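[1] only geometry, no sequence info:
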C-alpha cells in the first residue's frame, strides 16, 4: 500500500508538470480562443492511455505497478477533462457557440481515435 502511494505520487508529480508545460506552450490566449492546451493534453493522454492499456493487457503476469504509474499517476495528473468542461462552458458563456461545439467534437473524435491508434501501435511492438 505504501509503495503504491509513492508510485502514484511520484508519477503524478511528473504528469502534472508535463500537463503544465503543454498548457503553457499551447494555452489559450483569452476566454474566447480555442483551448489548444487542453485539447493537446486530452488527445495525447488518450493516445498514451491506449498504449498503456494495451501493454497492461499483454503483460504476463499482470503488473499492477505499470497500471499505477501509467493510468493512475502520470496520466491521471496529465489529462484533465474537468478543464475541458470548464473551458467549453466559458466559450459557450462568451457566445462562442461554434468554438464550443468544435471543442466538444474535436476532443471526442480525436481522443477516441488516439486511444485506438495507441492500442494499434502497442500491438505492433
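    It's in. Because the structure is predicted, anything quoted here is derived from the model rather than measured.

[2] contacts for the lowest-mean-pLDDT helix or strand in the chain?
    Least confident element among the helices and strands of the chain, by mean pLDDT, DSSP states H and E: helix 64-67 (a mean of 74). Applying CB atoms under 8 Å, 6 or more residues apart in numbering, the set of residues contacting helix 64-67 from outside is 3, 4, 7, 52, 55, 56, 59. For every residue, glycine as well, the C-beta is placed using N, CA and C.

[3] likewise for stretch 25-32?
    34, 35, 36, 37, 39, 40, 87, 90, 91, 94, 96, 99.

[4] among those residues, name the ones in helices.
    36, 37, 39, 40, 87, 90, 91, 99 (DSSP state H).

[5] just flag the most distant two among those.
    Within these, 40 and 90 form the most distant pair, 17.6 Å apart (CB to CB).

[6] returning to that earlier point: name the member of the contacts of stretch 25-32 with the most neighbours.
    Counting neighbours by other CB atoms under 10 Å, residue 35 comes out on top of these with 26 neighbours.

[7] quick one: contacts for the closest residue to that one other than its chain neighbours?
    Using CB to CB, 6 or more residues apart in numbering and skipping the chain neighbours, the partner closest in space to residue 35 is residue 87 (4.1 Å). Taking CB under 8 Å, 6+ apart as the criterion, residue 87 is in contact with 28, 35, 38, 103.

[8] ok, of those, which one's closest to residue 119?
    Of these, the one sitting nearest to residue 119 (CB to CB) turns out to be residue 38, at 22.8 Å.

[9] roughly how far does the closest residue to residue 59 other than its chain neighbours sit from residue 48?
    Nearest residue to residue 59 in three dimensions, chain neighbours excluded: residue 66, at 6.4 Å (CB to CB, 6+ apart). Applying CB to CB, to the nearest Å, the value for residue 66 to residue 48 is 13 Å.
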